[in-house]
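Visitor: What follows is a predicted structure for the sequence shown.
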Amino acid sequence: MANVIIVGTQWGDEGKGKIVDIYARESDVIARFQGGNNAGHTLVVNGEQTILHLVPSGILHNRKICILGNGMVIDPSVLILEIEALREKNLFPPDTKLYISENAHIIMPYHKSLDGARELRKGAVKIGTTGRGIGPAYEDKITRTGIRLSDLLNGETFCEMLRRNVEEKNFYLTKFYNEKPVEYDAIFDEYSGYADRLREYAANTSLIIYNEIKKGSHVLFEGAQGCHLDIDYGTYPFVTSSNTSAGSACCGSGIGPTKIDAVVGICKAYTTRVGEGPFVTELTGETGERIQKAGAEFGATTGRKRRCGWLDMVLVKESIRISGITGIALTKLDVLTGIDPIKICVAYKTDTGEFTEYTPSDMKLFSQCRPVYEEMDGWSEDISKAKTMDELPVNTRKYIERLEALAGVDISLVSVGPERKETIMLDNPFA
Ligand code: GDP
Ligand code: IMO
Ligand code: MG
């Protein structure tokens, strides 16, 4: 029996989708537990690319249970389109089931309007959000005005809650942000249609997962974003509006921590970031551009160019501690092929001292940190066909071994290309 949480250790886009798809083979249940369609998880199987924003990355496998947990915020229009697209392409296997937690919160049009209006007003100090209404939807959850799937499914409740929300949100939108108001009738009609479409998927997903665990099924909890976008531990305020670290998997799926056996942290062999915020190892010159091109580093959700830099082990080590990571899946190692030397950041220097164990909470100080690098020799051989560590060049192995020593946990998988098959499996947490 193994119940495993997968989280990103950096600022998202570490390759979680690919790794979840691989581990899903041995899992019975694949559950998302936070975030919404700010996520973009990419799977490549036999040359065909699938980008998922809401549906868990286990969906391509038959006889699985895929769950959108209570900790998520769900835009129904995006979810319906995603399900339709999967069905049209025959990528939704007949014996795979999809369930949405009745407690998950629903993203409404006013959330998206407010997300955009706030960013506009912030101007130069904007967060660089995905504009999907994620922050405002979580805000409503915390202020207890949010609309959950179960509320949407009950016409009377929905009607009352929507009326109150539209009144309040229109006050902010028109009086504070100088934006257009939203229309109650149009939203009611549109969302009643979504309710009809989503009713068949609504369930008590905590109970479903619990019963599966009792039967001995394997559960994979699929994180979105990365630990440094966590609302508590990330580079606040340049973060997303949910807890992205492993502890969130329990609250966001309704499963107790005693049921978790392992936590795999996904770590890209270098660092990327979309949106604003400090980035100590950022490379703004030629090497950064080279990594951006070789790694095709464009946002899977917004298409924005991702900022690129050297691997920052101060960030990764902090994620390992905060998420209790037991193994690392190292991704996109092939992207570093041909770059020599390769640098790894092992500490941050400031005018008054060094950070090695944690990142500064003060964003002004974080922005002033300078990286302390170790240099490693690179390699030029194509590594994308390697199936075992022995097939990797000596310098590639040395890079992996150095990361493992710095991380203090085992590297359990090495990814050498976007395809499912371009993977070196070292220690399968489900085995
Ligand atoms: P996620 O949000 O963590 O699931 O990551 P994304 O899907 O947003 O971004 C990762 C990108 O890298 C996708 O385009 C993947 O297809 C691709 N990818 C994943 N692993 C590898 C790898 O080992 N090598 C290369 N070259 N690409 C990879
Ligand atoms: P996956 O799951 C990378 C970033 C946004 C922005 C900040 C806040 O694909 O790794 P939000 O819309 O969440 O309020 O934006 O968080 N962000 C991501 N960056 N990958 C993601 O998801 C992200 N989800 C949000 O760019 O900086
Ligand atoms: Mg992504």
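Guide: Now that the structure is in, tell me what you want to look at. Ligands and ions are numbered 1, 2, ... in the order given.
Visitor: Need the per-residue pLDDT for residue 202.
Guide: Per-residue confidence (pLDDT) for residue 202: 98.
Visitor: Let me see the contact set for the closest residue to it other than its chain neighbours.
Guide: Setting aside the residues directly before and after it, residue 202 is nearest to residue 102 in space (CB to CB, 6 or more residues apart in numbering), at 5.1 Å. Yep, even glycine has a C-beta here, placed from its N, CA and C like the rest. Residues near residue 102 by CB atoms under 8 Å, 6 or more residues apart in numbering: 70, 148, 149, 150, 153, 202, 203, 204, 205.
Visitor: and the last one, how far is that from residue 296?
Guide: By that I understand residue 205. 34 Å (CB to CB, to the nearest Å).
Visitor: of these two, who's got more company?
Guide: residue 205 (26 against 12; other CB atoms under 10 Å).
Visitor: Neighbouring strands of the lowest-mean-pLDDT helix or strand in the chain in the sheet, and parallel or not?
Guide: Least confident helix or strand, the chain: strand 354-355 with a mean of 92, by mean pLDDT, DSSP states H and E. Next to strand 354-355 in the sheet, as set by DSSP bridges, lie strand 342-349 (antiparallel).
Visitor: Need the contact partners of the partner strand.
Guide: 280-281, 310-314, 336, 354-356, 359-360, 369-378, 399, 402-403, 406.
Visitor: Which residues of the stretch 51-200 of the chain lie near ligand 2?
Guide: Counting by CB under 6 Å from any ligand atom, the residues of the stretch 51-200 of the chain lying close to ligand 2 are 127, 128, 129, 130, 132, 134, 135.
Visitor: From those residues, list just the buried residues.
Guide: 127, 129, 130, 132, 134, 135 (16 or more other CB atoms under 10 Å).
Visitor: So which of those residues belong to helices?
Guide: Using DSSP state H, the subset of these located in helices is 134, 135.
Visitor: residues near residue 179, how many?
Guide: Using other CB under 10 Å: residue 179 sits among 18 other residues.
Visitor: got it, and residue 415?
Guide: Residues lying near residue 415 (other CB under 10 Å) number 26.
Visitor: on that earlier part again, filter the contacts of residue 102 to the buried ones?
Guide: By 16+ other CB under 10 Å, these give 70, 148, 149, 150, 153, 202, 203, 205 as buried.
Visitor: Report the secondary structure state of the first one.
Guide: Which is residue 70. The assignment at residue 70 comes out as coil when based on DSSP: H, G, I helix; E, B strand; the rest coil.
Visitor: any idea how far residue 153 is from it?
Guide: Residue 70 is 15 Å from residue 153, by CB to CB.
Visitor: Which one of the residues in the stretch 201-350 of the chain is closest to ligand 2?
Guide: residue 275 (2.1 Å; CB to the nearest ligand atom).
Visitor: what about that residue, which helix or strand?
Guide: When elements are assigned from DSSP states H and E, residue 275 belongs to no helix and no strand.
Visitor: wouldn't it be in contact with residue 128 here?
Guide: Yes. Look at residue 275 against residue 128 with CB atoms under 8 Å: they come within range, at 3.0 Å.
Visitor: what's the overlap in contacts for the two?
Guide: Listed as contacting both residue 275 and residue 128 by CB under 8 Å, 6+ apart are residue 238.
Visitor: Skip the chain neighbours and tell me the closest residue to residue 126.
Guide: Sequence neighbours aside, residue 119 is the residue nearest to residue 126 in space, at 4.6 Å (criterion: CB to CB, 6+ apart).
Visitor: isn't there a strand covering the one you found?
Guide: No. Using three-state DSSP, the assignment for residue 119 is helix, not a strand.
Visitor: now it: how far from ligand 3?
Guide: Going from residue 119 to ligand 3 by CB to the ion, to the nearest Å gives 20 Å.
Visitor: Ok, residue 57 next?
Guide: Distance, residue 57 to ligand 3, by CB to the ion: 11 Å.
Visitor: can you check residue 410 too?
Guide: 25 Å.
Visitor: Give me the nearest residue to that residue, chain neighbours excluded.
Guide: That would be residue 327: by CB to CB, 6+ apart, it lies 5.2 Å from residue 410.
Visitor: what's near enough to touch that neighbour?
Guide: 262, 263, 264, 265, 409, 410, 411, 412, 413, 427, 429.
Visitor: Tell me what it is bridged to.
Guide: With DSSP bridges as the rule, residue 327 is bridged to residue 264, residue 410.
Visitor: try residue 202
Guide: Beta-bridge partners, per DSSP bridges, of residue 202: residue 100.
Visitor: who are the neighbours in contact with residue 411?
Guide: Each residue near residue 411 by CB under 8 Å, 6+ apart is listed here: 327, 328, 329, 330, 400, 403, 404, 426.
Visitor: element containing the fourth one, please.
Guide: Secondary-structure element containing residue 330, defined by DSSP H and E: strand 327-331.
Visitor: ok, back up a step: list buried residues within the contacts of residue 327.
Guide: Here, 16+ other CB under 10 Å leaves 262, 263, 264, 265, 409, 411, 412, 413, 429 buried among the contacts of residue 327.
Visitor: Which of those sits closest to residue 15?
Guide: Using CB to CB, residue 413 comes nearest to residue 15 of the buried ones among the contacts of residue 327, at 10.0 Å.
Visitor: Pretty sure residue 359 sits against residue 316.
Guide: No. At 10.8 Å, residue 359 does not count as touching residue 316 under the criterion of CB under 8 Å.
Visitor: Neighbour count: the two, which is higher?
Guide: residue 316 (26 against 20).
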